[in-house]
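> structure for the following, please:
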Amino acid sequence: MKKFMVLVMGLVSLGAMAGCDDDSKSVKVPAAVQAAFGEMFPAASHVEWEDKGGYMVADFRSAGMYMQAWFDAAGKWYMTEEDISYAELPRAVRTAYEAGDYAAWHVDDVDKLLRNGQETVYVLEVERAEQEFDLYYSEDGVLLREVPDRDGNDDHGDMLPQELSKAISDFIARKYPVPVSLMRSGRREIPRSISSSPGKRSRCASVRVTPGCGRKPECVFRRFRTW
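Okay, here's the model as predicted:
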């Protein structure tokens, strides 16, 4: 959430010169979204709205934290991103990171992703020389995926929760009666999570099931119909 920190500093400077204009990038926020946002974050300040792939996304500050919240146009909440310190990470995440391949890298930023109906995910943005990676961990310290940060886009919109189709759910219930995960757009699968890139439609669904052992079988559905 580094870019939002810079944005807030810029807004403070502009506010001193131009008063308290509400700059929401000309986005019309539906009343249902405003109401849901106000109920969830009554202490929010420095609120900035964007339309990202049909989702209404608010960047703001609350309780001294930089945050981002995702809603659909009907006001349904999907995800909140909180900018936290390394010390605020669960012990299991810190232990896993410090014992992993990126332990010697510099931790530039840490985000906590709260998702509707899905497990909480922690993201460490690490860098070394000219390389940058986003490391995604579950609350119990499992490294879910590692993604090169080539474009500097750190809003984590690809972590939005999404439901599996009935056809896929029914098949997995018969074949693998265990937790599953879905990841679209060609990225690595996330155990025990269901995610999707906003505004994008995929022709394939890659599903990873977690049978409770070291190896995790996976299956691919073409157009969400075959395996």
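
> mind checking which helix or strand residue 27 is in?
Using DSSP states H and E, residue 27 sits in no helix or strand.

> tell me if I'm right that it and residue 56 touch.
Yes. Assessed by Cβ atoms under 8 Å, residue 27 is found in contact with residue 56 at 7.4 Å. Bear in mind the C-beta positions are built from the backbone N, C-alpha and C, glycine included.

> where in the chain is pLDDT low?
The model of the chain has pLDDT under 70 over residues 1-25, 151-154, 176-227.

> try it again with 80
Residue ranges of the chain with pLDDT under 80: 1-26, 150-155, 162-169, 171-227.

> is residue 174 in a helix, a strand, or coil?
Secondary structure state of residue 174, per DSSP: H, G, I helix; E, B strand; the rest coil, is helix.

> next, work out how far apart it and residue 40 are.
Using Cβ to Cβ, to the nearest Å, we find residue 174 at a distance of 38 Å from residue 40.

> who's more crowded, those two?
Remark: of residue 174 and residue 40, residue 40 carries more neighbours, 14 against 8, as counted by other Cβ atoms under 10 Å.

> quick one: contacts for that one?
By Cβ atoms under 8 Å, 6 or more residues apart in numbering, the residues touching residue 40 are 69, 77, 80.

> one step back: and for residue 27 and residue 56, which residues touch both?
Common neighbours of residue 27 and residue 56, using Cβ under 8 Å, 6+ apart, are 49-50.

> just the contacts of residue 40 now: which is nearest residue 107?
In terms of Cβ to Cβ, no member of the contacts of residue 40 lies closer to residue 107 than residue 80, at 21.1 Å.

> phi and psi next, for the closest one.
When read as degrees, to the nearest 10, the backbone of residue 80 gives phi -130, psi 130.

> and it, bridged to which residues?
Taking DSSP bridges as the rule, residue 80 bridges to residue 69, residue 114.

> thought it was touching residue 69?
Yes. Using Cβ under 8 Å, residue 80 is in contact with residue 69, at 4.8 Å.
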